[in-house]
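Participant: below is the sequence, then the predicted model.
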Amino acid sequence: MAKDDAVHAEGLVKEFGEVKALNGLDLVVPRGQVVGLLGPNGSGKTTTVRILATLLKPTKGVAYVNGFNVGKQADQVRHSIGLTGQYTAVDEFLTGRENLRMFGDLYHLAPHYVKERSQELLEWFDLIEAAERPAKTYSGGMRRRLDLASSLIAKPSILFLDEPTTGLDPRSRLGMWGVIESLVAEGTTVLLTTQYLEEADKLADDIVVIDHGRVIAHGTAEDLKDQIGGDRIEVTVADLERVRDAQTALAPVFGGESIVSHSMVSGPVSGGSTVLVDVVRLLDSQNITIADLALRRPTLDDVFLSLTGHGAEDENPGKPASGTRRGRNRS
């Protein structure tokens, strides 16, 4: 692996009985960057993170984290990473400060360091006022912040975030984004798995899209958007019962590649704003009332649909979600 790579994995395969969660996955995460690992449920995101965090052993393949072989040098890997999963790993009956002290003890850190670091993290994550309260009294956003703070107690150079904002309200999600951006500004490398494509668009320097356990695309958000090219038109009809009629009427504009979502029909177009006139004329000829009409660039959602044939939050048919048990190992 290159010296500038925080994570380097080649040919990772993971089998759970007859289910192949990973099928020859390659992954590189440069130091000091945020790499977004995107894929629908069951695509292998969490399995990948668990292998890199030494919580699972690959069936085949090799992976290095911070220069250490995850299979042969697991202890060194664990001492150089932080991990936050989809579900918080805090102890509900301990206070916020006690939770941080517990994780410091698991790392065998000096008590005076843990005390100072805990105070620093509680201030950073706006948990000072709740520091002496049991975690069971915390809101979901507060628990998530405490969980992330726990993963940072030892100042890891590499942070694995497995869908860290799942279940958070928009305000808490924005707050978590700010924390991640601050960590990266200080030199932390982040591997972020997410189903929120706007999250990857906002945070990731590079994006790796996986499906059925292998990489199907990678590049910056703009690179991926450019792959499918063109603009898109979104038409919202006033009468939900006529959305399929609108899709049929607009087939000449979209070339048969339109998508229906509730009362909206969308599809790729060429010709920019001039096509809007055609859309209005076609729908007017069918007496279909337009509630909203917009022309926009492709999004990562469009990329996902183009690459996988389904949305980012859809299940892979016939395949269970991989890595259903989640937690943190810091010994």
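Facilitator: Structure's in. What do you need? Numbering: from 1, shown residues only.

Participant: so who does G61 touch?
Facilitator: Shown in contact with G61 (Cβ atoms under 8 Å, 6 or more residues apart in numbering): A9, E10, G11, L12, V13, L22, G24, L25. Just so you know, the C-beta spots here come from the backbone N, C-alpha and C atoms, and that holds for glycine as well.

Participant: my read is the last one is in a helix, agree?
Facilitator: So that's L25. No - read with DSSP: H, G, I helix; E, B strand; the rest coil, L25 is strand and lies in no helix.

Participant: hmm, back to that, tell me which entries of the contacts of G61 lie within strands.
Facilitator: Of the positions in these, A9, E10, G11, L12, V13, L22, G24, L25 sit in strands, assigned by DSSP state E.

Participant: which residue sits closest to the fifth one, ignoring its sequence neighbours?
Facilitator: In other words, V13. K60 (3.9 Å; Cβ to Cβ, 6 or more residues apart in numbering).

Participant: what of the first one?
Facilitator: In space, not counting the residues next to it along the chain, A9 is nearest to A63; the distance is 3.9 Å by Cβ to Cβ, 6+ apart.

Participant: sorry, back to before: wouldn't the residue nearest to V13 be in contact with K20 here?
Facilitator: No - if you go by Cβ atoms under 8 Å, K60 and K20 don't touch, sitting 10.3 Å apart.

Participant: neighbour count winner among those two?
Facilitator: Between K60 and K20, K20 has the larger neighbour count (other Cβ atoms under 10 Å), namely 18 against 12.

Participant: got TSV for the ones in strands among the contacts of G61, with distance to R31 too?
Facilitator: Shown next, in TSV, are these (distance: Cβ to Cβ, whole Å):
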residue	distance to R31
A9	15
E10	18
G11	22
L12	20
V13	26
L22	24
G24	25
L25	20
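
Participant: in CSV: these, plus distance to V190, neighbour count and pLDDT.
Facilitator: Written out in CSV, the entries for those read as follows (distance: Cβ to Cβ, whole Å; neighbours: other Cβ atoms under 10 Å; pLDDT from 0 to 100):
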residue, distance to V190, neighbour count, pLDDT
A9, 16, 23, 97
E10, 21, 14, 97
G11, 24, 15, 97
L12, 19, 26, 97
V13, 25, 16, 97
L22, 21, 27, 97
G24, 24, 14, 96
L25, 19, 26, 97
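
Participant: the residue nearest to V13: what's it in contact with?
Facilitator: With Cβ under 8 Å, 6+ apart, K60 has these contacts: G11, L12, V13.

Participant: how about the first one, what does it touch?
Facilitator: With contacts taken as Cβ under 8 Å, 6+ apart, G11 has the following neighbours: G24, L25, D26, K60, G61, V62.

Participant: what about the third one, distance to L224?
Facilitator: Spelled out, that is D26. 17 Å (Cβ to Cβ, to the nearest Å).

Participant: of these two, give the one with the bigger neighbour count.
Facilitator: L224 (25 against 15).

Participant: what helix or strand does the more buried one sit in?
Facilitator: helix 221-228 (DSSP states H and E).

Participant: pLDDT averaged over that helix - what is it?
Facilitator: Mean pLDDT, helix 221-228: 82.

Participant: go on, stretch 186-205?
Facilitator: Stretch 186-205 comes out at a mean pLDDT of 91.

Participant: give the next helix or strand downstream of the helix holding L224.
Facilitator: Sequence-wise, the next helix or strand downstream of helix 221-228 (DSSP H and E) is strand 231-237.

Participant: that next one: partners in the sheet, and parallel or antiparallel?
Facilitator: Partners of strand 231-237 in the sheet, by DSSP bridges, are strand 264-269 (antiparallel), strand 290-296 (antiparallel).

Participant: on the three-state scheme, A63 is what?
Facilitator: strand.

Participant: what is the neighbour count of it?
Facilitator: Neighbours of A63 (other Cβ under 10 Å): 24.

Participant: how much space separates it from V13?
Facilitator: For A63, the distance to V13 - Cβ to Cβ - is 11 Å.
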